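*Asks:* 3D model of this:
(2 chains)
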Amino acid sequence: MRSVTLLGSKALGLTIDRLCFQLIEDHGDLSGSALVALQPRGVLLGRRLRDELTRILPGTRIPYGELDITFHRDDFRQRSVTAPSAPTDLQFSLDERRVVLIDDVLYTGRSIRAGLDALLQYGRPASVQLLVLIDRRFSRELPIQPDYIGRQVDSFDGQRVAVEWGTTRKDDRVLLMTSEP
Amino acid sequence: MSDQLSTRHLLGIADLTTEDIELIFRTADGFKEVLSRPIKKVPSLRDITIANLFFENSTRTRVSFELAEKRLSADIVNFSSSSSSVKKGETLIDTVNNILAMKVDMIVMRHPDPGAALFLSRHVDACIVNAGDGTHEHPTQALLDAYSIREKLGKVKGVKVAIVGDILHSRVALSNVHCLKKLGAEVMLCGPTTLMPRHAAALGVRVEHDLDKALRWCDVANMLRIQMERQGGDGIANFPSLREYAMLFGLDRARYERIARDIVIMHPGPINRGVEVTTDVADHANSIILDQVQNGVAVRMAVLYLLAAGIPRDHSGA
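*Replies:* Numbers count the residues shown, from 1 in each chain, chains lettered A, B, ... in the order given. Take a look at the predicted model:
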């Protein structure tokens, strides 16, 4: 397995800061919006964004939820993992809110499709946008595109993007892994 | 941590491993959350067809399975023996094979004969869920009972559960004993000697004939229904009268207060009010009878979902 660092800890920190300011530019103090991160890996990014936004906008409560999409996947009965990986925690209605769906890596778009399906069971949002840390371009199987992108990468099918959140922020990094032939 | 059941059918708790039960509970947690959403429906089983075959009366189990199936988006057909060709003398295998010929993937069956679900699983090609087979097992009831205990007390391991009443005729009792023991609970069976199976102690449980002693011992009392329809004779061949049964084995307010500590009260329903429990006990704050019913849907969704995961897609409906 060969791996290339796409984002080191410093670049990752700057990218997250930039994403926060982009969100603030579009959503103001986020009171009429909601951040909804997908389980299991999107929530690690989602929590980080929530924490950074709270730091940048002291005193504001960022409406934040976590969504499990297991029961909405389109590959049920085609792969082995079936039980929910982590719980949904969404304590408010999404009616009329501007929702930002959050995941770490956008690849085929199928998880996001399932996420949209699950999301709409909590109400009718005013709008839904998509925020991803890594956009693997040219690999989409569904017509789904992100609105906020940390970094775009071009990659092959056999490659894998790993977002690693360390125990301290110094250890955070994003890797592009290629298996040796 | 496995994410698949070790079995293709749910015939009884005896066939499940402890990991299977824990997987069902974990999945049921997810469905409980689904049931709290404004839209209580997920698309997982939209390409699965389920036949509900009820050869015996049922309200709760039938409605609960039906709701679970609908909330998983499965297509369902209902069938009860009173309105079917069973009355014309058709055998069980023929009836089921005819239903399967119409592309049905799963069968949920309640039947008055013990072993009917096992028999069917050996002779037809579909996933079978036992919704009660005579006096043998009622696995989903035991799962939802244990799930409700886990929810109320935070654990099942080490909890002392007394199962009280008509043990002899109860499929709920046998399934509960298997399920609770697999999860590490201590189990006591309590009832009149005439309603206690002769070899009850062989199940590895305590046996008690004095309700007050049982109540002093337990953390949870599961008060079973007197199975009038299985007593034989005039309905109460195994004890002198319902009044006497209620005096010796019924839980009323005075008896409950004598315990002087909180124990959880359960009943699988339907309640004979004033016999197994009185109204003020059934509606007591420590009674989780309605939670049991509510959890039944989530637990049955988990069972159907996990079993359906084992049906290969290319085989679907074949």
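*Asks:* contacts for stretch B:149-161, please.
*Replies:* Residues outside stretch B:149-161 that contact it (C-beta atoms under 8 Å, 6 or more residues apart in numbering or on different chains): B:25, B:146, B:176, B:180, B:183-188, B:217-222, B:264, B:266, B:288, B:291, B:295. Placement of C-beta: from N, CA and C, glycine included.
*Asks:* just the buried residues of these.
*Replies:* Neighbour counting by 16 or more other C-beta atoms under 10 Å in any protein chain shown classes B:25, B:146, B:176, B:180, B:183, B:185-188, B:217-222, B:264, B:266, B:288, B:291, B:295 among the contacts of stretch B:149-161 as buried.
*Asks:* of these, which belong to strands?
*Replies:* B:Glu186, B:Val187, B:Met188, B:Val220, B:Ala221, B:Asn222, B:Val264, B:Met266 (DSSP state E).
*Asks:* residue contacts, the last one?
*Replies:* Pointing back at B:Met266 there. Contacts for B:Met266 (C-beta under 8 Å, 6+ apart) come out as B:Asp145, B:Ser148, B:Ile149, B:Val220, B:Ala221, B:Asn222, B:Met223, B:Ser287, B:Ile288, B:Ile289, B:Gln292.
*Asks:* work out the gap between the lengthiest helix in chain A and the centre of the chain.
*Replies:* Determined from DSSP state H, the single longest helix within chain A is helix A:9-27. Chain-centre distance of helix A:9-27: 13 Å, with C-alpha atoms, centre = their mean, to the nearest Å.
*Asks:* do the same with stretch B:299-314
*Replies:* On C-alpha atoms, centre = their mean, the centre of stretch B:299-314 falls 18 Å from the chain's centre.
*Asks:* just the strands in the chain please.
*Replies:* You didn't say which chain, so I picked chain A. In chain A, the segments counted as strands under DSSP E are A:2-7, A:33-38, A:64-67, A:98-106, A:127-137, A:148-154, A:160-164, A:173-178.
*Asks:* meant chain B, my bad for not saying
*Replies:* B:49-54, B:75-80, B:106-111, B:127-133, B:160-164, B:186-190, B:206-208, B:220-223, B:264-266.
*Asks:* so can I have a markdown table of those showing distance to A:Ala118 and mean pLDDT?
*Replies:* As requested, the strands of chain B are exported to a markdown table (distance: least, C-beta to C-beta, whole Å; pLDDT from 0 to 100):
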| stretch | distance to A:Ala118 | mean pLDDT |
| --- | --- | --- |
| strand B:49-54 | 23 | 94 |
| strand B:75-80 | 22 | 90 |
| strand B:106-111 | 24 | 95 |
| strand B:127-133 | 26 | 96 |
| strand B:160-164 | 36 | 97 |
| strand B:186-190 | 39 | 97 |
| strand B:206-208 | 46 | 96 |
| strand B:220-223 | 35 | 97 |
| strand B:264-266 | 33 | 96 |
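*Asks:* which residue packs closest to the residue nearest the centre of chain A, ignoring adjacent ones?
*Replies:* In chain A, the residue lying closest to the centroid (C-alpha atoms, centre = their mean) is A:Asp103, at 1.4 Å. The shortest distance from A:Asp103 to any non-neighbouring residue, by C-beta to C-beta, 6 or more residues apart in numbering or on different chains, is to A:Gly42 (3.9 Å).
*Asks:* residues near that neighbour, how many?
*Replies:* 26 (other C-beta atoms under 10 Å in any protein chain shown).
*Asks:* per-residue pLDDT, residue 10?
*Replies:* No chain in the question, so chain A it is. A:Lys10 carries a pLDDT score of 94 in this model.
*Asks:* chain B, not that one
*Replies:* 97.
*Asks:* thought B:Asp219 was touching B:Ile265?
*Replies:* No: taking contacts as C-beta atoms under 8 Å, B:Asp219 lies outside contact range of B:Ile265: 11.0 Å.
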